[in-house]
Every structure is written in C-alpha cells, then in structure tokens.
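Enquirer: Below is the sequence, then the predicted model.
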Amino acid sequence: MGSWSRPVGVVTALTMIGALAACGEPAPPPLGPAAKKVTVIRGDRTYPTTAEVTGWQVRTHPQVPDRGNAVHFTYQFAGFAPERIELQICAVDAQRVVLLCSDIGHADSGDIVTPRWLEDGWIGPSEGIDLSRTAEVVLVPNQMFPGLHAGDPKDHDGYVPPRGLAPGDRI
C-alpha cells in the first residue's frame, strides 16, 4: 500500500497547487489603440464617453523651470461617465515610441459630461528623457481605475486594468 500512495499524494498536491494558481487574479486585458481621441473601454464594455487631446506643446514647466522641457496638454471628456474615469496619456516620438506618460481623469461618476471647457495637465519634466522629441500626444482608451471594490472578493467585478505604457514601449 505504501509503494503507490506516495506518487498519488504528490500528484494530488501538484493538482491542488495548479488549481489554486489558476484561481488568482484574472489576466489584464490588452491595451486598446492609442489615439488623439478615444472612446473609453473597460474590459469588454464600451463607455458612452470620449476623451480627446485638444492641444499640446513642449515648453518649460513653470513650477520647475530648471528641470528641462515638459509637455503641456489640454483635453476634454464628452458623453456620460458611469463611474470615475482614469486614462493614460503619453508623449510619443515620430516612430510612436513612448517617451513618457501621465494620467488624466474625470472624477464625477454618473455625470453627463459636456465638453464645455478644457482641462490641462503636464507630462514631465523627467530627468534623462528628451521631451522635445515629442511628435504626438495620445490617449490609451482603457479604463485604468480598477473600481471601488478592487481586491474585495465579494463585491469586486473582477476587472483588472491593463499594464500601462512605459518609456520605450512602441504603440
């Protein structure tokens, strides 16, 4: 009896470990196509919300002028925001290689978002990154906000935001 019980026990233990590993967090979704104007997506859901980069320029950041160039951009949201929205915005070069990214958001969930005004923000400055090479500023359409109940096994819907873009990534 002892000669075959040991292999069965090892196989059972390995099966349990494999089953537990498969029950972890769901895999993050792939990033959607980055563009100047995007429709917000969250997993397989499309929000009735758009975000748009309305302008940008490379210049010295007024609060840290000694740190070099930064990208000043303006943007707006339009549509209906079913929840707080967080998107990634990136400065890319002529080959669409990411130079540096930041985040933008719309915090008022349940709001009809009218593009009445522009909001603005900054990407950079960052030591060692030449933002004067910026050829375009783009938005990633994926919702980066995981939800109010992220990590709560009872109330979380299982959405895991995608891995964000980093300097050197090609889009």
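Expert: Alright, I've got the coordinates.
Enquirer: can you give me the helices in the chain?
Expert: 2-22 (DSSP state H).
Enquirer: For A150, give me the pLDDT.
Expert: We have a pLDDT of 64 for A150.
Enquirer: roughly how far apart are the spatially most central residue of the chain and V58?
Expert: In the chain, the residue lying closest to the centroid (C-alpha atoms, centre = their mean) is M144, at 4.1 Å. Noted for M144: a distance of 24 Å to V58, by C-beta to C-beta, to the nearest Å. Where you see a C-beta, it was placed from the backbone N, CA and C, and this is true even at glycine.
Enquirer: go on, D130?
Expert: 10 Å.
Enquirer: Settle it for me: which of these two has more neighbours?
Expert: Using other C-beta atoms under 10 Å as the criterion, D130 and V58 rank with V58 on top: 17 against 14.
Enquirer: which strand is the longest one in this structure?
Expert: What stands out as the longest strand in the chain, according to DSSP state E, is strand 45-60.
Enquirer: for that strand, packing partners?
Expert: strand 37-42, strand 69-81, strand 85-92, strand 98-106, strand 136-140 (3 or more C-beta pairs under 8 Å, 6 or more residues apart in numbering; DSSP states H and E).
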